[in-house]
Every structure is written in C-alpha cells, then in structure tokens.
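*Asks:* Structural data only, the sequence is not supplied:
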Ligand SMILES: Nc1nc2c(c(=O)[nH]1)N[C@H]1C(S)=C(S)[C@@H](COP(=O)(O)O)O[C@H]1N2
Ligand SMILES: [Mo]
C-alpha cells in the first residue's frame, strides 16, 4: 500500500487516481467480458487439476475449500482500460495447491471449462499473488463472472484471471494462451502497460 503526502487538500478521487495504472479509467460497475458462451457448472461437478511431468493431481470443490480460504481486497485492471478498486474476494491461494505437487517446470497453461486458456509463469501464481476465487464482494461468483470458481491474478491484466477455471498444465516454456495467441502480451503487467505484442 502506498503512503500519501498530499496535504489536507487531497480529495479521495486524487488518491484513487494514483492507484490507476497508465491508460486506465476507474469504473464502479463490474463489466462482463467473455469470449464465448457462459458454462453453468455446479460446485459438485467442479474439480481442479494440476498436470506436471509426474502426472495429474486432482481436487474436488471440498478438497480445495479445505486447503484454507482467504479474504483479499485487491484492485483489478482490464486491458480494455477499466480498473475497479478495492474488490473483496474470497478464495484459496495457489500456494496451497502447489504445496501438494512436485514440478521443476516453470510455466503454466491455465485451462477453463469452455476451452479458454491463458499462460502464466509459475512464479506469478505463488507467494500470495493468485487465488482460486469463488466469492466477490460478499456473494458467490455468478456464472457470468466465472462462477463457481475462477483464477484471480490481480497483479496482471484481468484476462489472466481465467473464469470457470478447471486446471493447470505445467510446461517447460511459456507459450501463448487464447488471447496471447491473438496479440495480447505474454506477461501482462498493467503498471508496465504490457497490453499487446
Ligand atoms: N474462461 C474465460 N475466462 C476469462 C475470459 C473469457 O473470455 N473466458 N475473459 C477474460 C477477460 S479478457 C477479462 S477482462 C476477464 C473479465 O472478467 P469479468 O467478466 O468477470 O469482468 O475475464 C478473463 N477471463
Ligand atoms: Mo479483458
């Protein structure tokens, strides 16, 4: 969290704007951006898996929740230029899942129900930087926003936060996912404006 020394004249709006990455605009609503149809999946039908060079590890909904739920308040930044501040999310950190698998592979291809993919380096998902999220702003995620569970990687552009997430395939090299193959940046840091490549 940044500290502000703007003096008594500083309005709340000024402080919010200093939390805006370059080229972004604040929104109060929460836009829906989906490349295809919205899958409808009950938590009882949902599972998550990580495939490594050693094989597949799979968790049911209850398995994931049992790993330890966290509440996090974060800002999200979409490459289409909107930013939403202070969203309250609930989810399980990826650290808890990766604690149960062994791999020397450093890149992840994240897969969603419906076929969406996005690539993220493993070090971008560990260290308290990413979650399997199932609630936002006090309510279960709606199907439109990725319910029952989506990836949440708030320090990267929001296209990396795969909705209806179903698993990760570990890879030796970073390869483009769906949007990355269509011109979006492989990494996607909003503070460096890594939008396209
Ligand atoms: N499975 C899947 N995940 C996805 C997308 C998608 O089309 N399919 N769109 C991405 C993009 S471009 C953005 S900006 C966010 C939008 O999430 P929201 O609709 O909850 O705002 O989801 C990301 N995750
Ligand atoms: Mo997006």
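*Replies:* Now that the structure is in, tell me what you want to look at. On a predicted model such as this, the values are computed, not experimentally measured, just so you know. Ligands and ions are numbered 1, 2, ... in the order given.

*Asks:* List the buried residues of stretch 85-97.
*Replies:* Buried positions in stretch 85-97, judged by neighbour count with 16 or more other CB atoms under 10 Å: 85, 87, 89, 90, 91, 92, 93, 94, 95, 96, 97. No exception for glycine: its C-beta is placed from N, CA and C like everyone else's.

*Asks:* Next, see if it gets close to ligand 1.
*Replies:* No - on the criterion CB under 6 Å from any ligand atom, stretch 85-97 is out of touch with ligand 1, staying 10.1 Å away.

*Asks:* Give me every residue in the chain lying close to ligand 2.
*Replies:* Within the chain, the positions near ligand 2 by CB under 5 Å from the ion are 33, 78, 79, 159.

*Asks:* follow-up on the earlier one: which one of the buried residues of stretch 85-97 is nearest to residue 131?
*Replies:* residue 91 (3.5 Å; CB to CB).

*Asks:* what's near enough to touch the closest one?
*Replies:* The contact partners of residue 91, taken as CB atoms under 8 Å, 6 or more residues apart in numbering, are 69, 70, 72, 131, 132, 133, 134, 135, 149, 152.

*Asks:* Now, of the residues you listed, which are buried?
*Replies:* Buried residues within those, defined by neighbour count using 16+ other CB under 10 Å: 69, 131, 132, 133, 134, 135, 149, 152.

*Asks:* For beta bridges, what are the partners of the second one?
*Replies:* For residue 131, the beta-bridge partners are residue 93, residue 152 (DSSP bridges).

*Asks:* Test my guess that it contacts residue 74.
*Replies:* No - between residue 131 and residue 74 there is no contact under CB atoms under 8 Å: 9.3 Å.

*Asks:* Break down this protein into its helices, ranges please.
*Replies:* 12-17, 61-66, 94-98, 178-181 (DSSP state H).

*Asks:* any idea which of these scores lowest on pLDDT?
*Replies:* Comparing mean pLDDT across the helices of the chain, the weakest is helix 12-17, with a mean of 64.

*Asks:* picking that back up, in the contacts of residue 91, find the pair that's most separated.
*Replies:* 72 and 149 (14.8 Å).

*Asks:* which parts of this protein sit against ligand 1?
*Replies:* Near ligand 1, when you scan the chain using CB under 6 Å from any ligand atom, you find 30-35, 78, 112, 114, 116, 145-146, 158-159, 161-164.

*Asks:* Where does pLDDT dip in this structure?
*Replies:* Residues of the chain meeting the criterion pLDDT under 70: 1-15.

*Asks:* what are the ranges of the strands in the protein?
*Replies:* Counting by DSSP state E, one finds strands in the chain at the ranges 25-26, 47-52, 55-60, 70-77, 82-93, 107-112, 117-121, 131-136, 139-140, 150-152, 165-171.

*Asks:* how far away is residue 102 from residue 57?
*Replies:* 9 Å (CB to CB, to the nearest Å).

*Asks:* what about the two, which has more around it?
*Replies:* Legend: neighbour count by other CB atoms under 10 Å for residue 102 and residue 57, higher for residue 57 (18 against 10).
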